[in-house]
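>>> Mind folding the following:
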Amino acid sequence: MSVKYNESTLNRPEGERVLDAKFVFADIPAYIDQLKDEKAWSKNDRNGITLFKSSGVTIVLVALKKSAAIPDNQLEGFFTVQLLEGGADVQVDGQLVQLSKGILAMHPGVKHSIQALQDSILILTHYNAVSTDQAPATVFEPWA
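This is a model prediction of the structure:
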């Protein structure tokens with residue numbers, strides 16, 4: 001397996017952090033501090049950073065200011081929203097889900113919108129519908 005890094009950008013010139021490897025550790029409190037210290041947070045209603053990205057999974061840490069929205073989203077793969085801080089509502093196919101510190105999981109193709117009720121931190125995970133990873137899928141059944 002080759003190790004993949006992000007590319008430096010104008011907003012993050014230090015760049016070069018591992019995005020895909022045999023394992024990737026993400027220091028969530030440090031990344032939250034980084035997001036809130038960057039210019040994007042002071043200029044915009046949101047900021048985010050990719051924590052992990054492979055052919056099968058993308059994990060993004062997102063900071064949303066009060067009233068910020070991710071409208072009319074629909075993905076081909078499975079999608080989860082996990083609220084770490086703050087409060088947010090998610091409209092899922094016309095149904096309101098008030099996020100608490102838990103996780104909301106959606107099947108592919110489900111329309112949704114996210115609205116921050118206060119400054120909030122979320123982890124968004126997208127599982128591609130078809131993965132090109134070489135390892136076969138395994139089933140984890142802790143109740144069996």
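
>>> Please make it C-alpha for all contacts and neighbour counts, starting now.
Fine.

>>> Next, the buried residues of the top helix by length along the chain.
Secondary structure of the chain per DSSP state H: the longest helix is helix 28-37. The neighbour-count check on helix 28-37 (16 or more other Cα atoms under 10 Å) flags Tyr31, Ile32, Leu35, Lys36 as buried.

>>> same deal with stretch 122-129?
Leu122, Ile123, Leu124, Thr125, His126, Tyr127, Asn128.

>>> which residues touch that stretch?
The contact list for stretch 122-129 (Cα atoms under 8 Å, 6 or more residues apart in numbering) reads 55-63, 75-85, 108.

>>> Can you get me the start-to-end distance on stretch 103-113?
In stretch 103-113, first residue to last residue: 15 Å (Cα to Cα, to the nearest Å).

>>> swap in stretch 105-120?
18 Å.

>>> what comes into contact with that stretch?
Taking Cα under 8 Å, 6+ apart as the rule, stretch 105-120 contacts 63-81, 83-93, 129.
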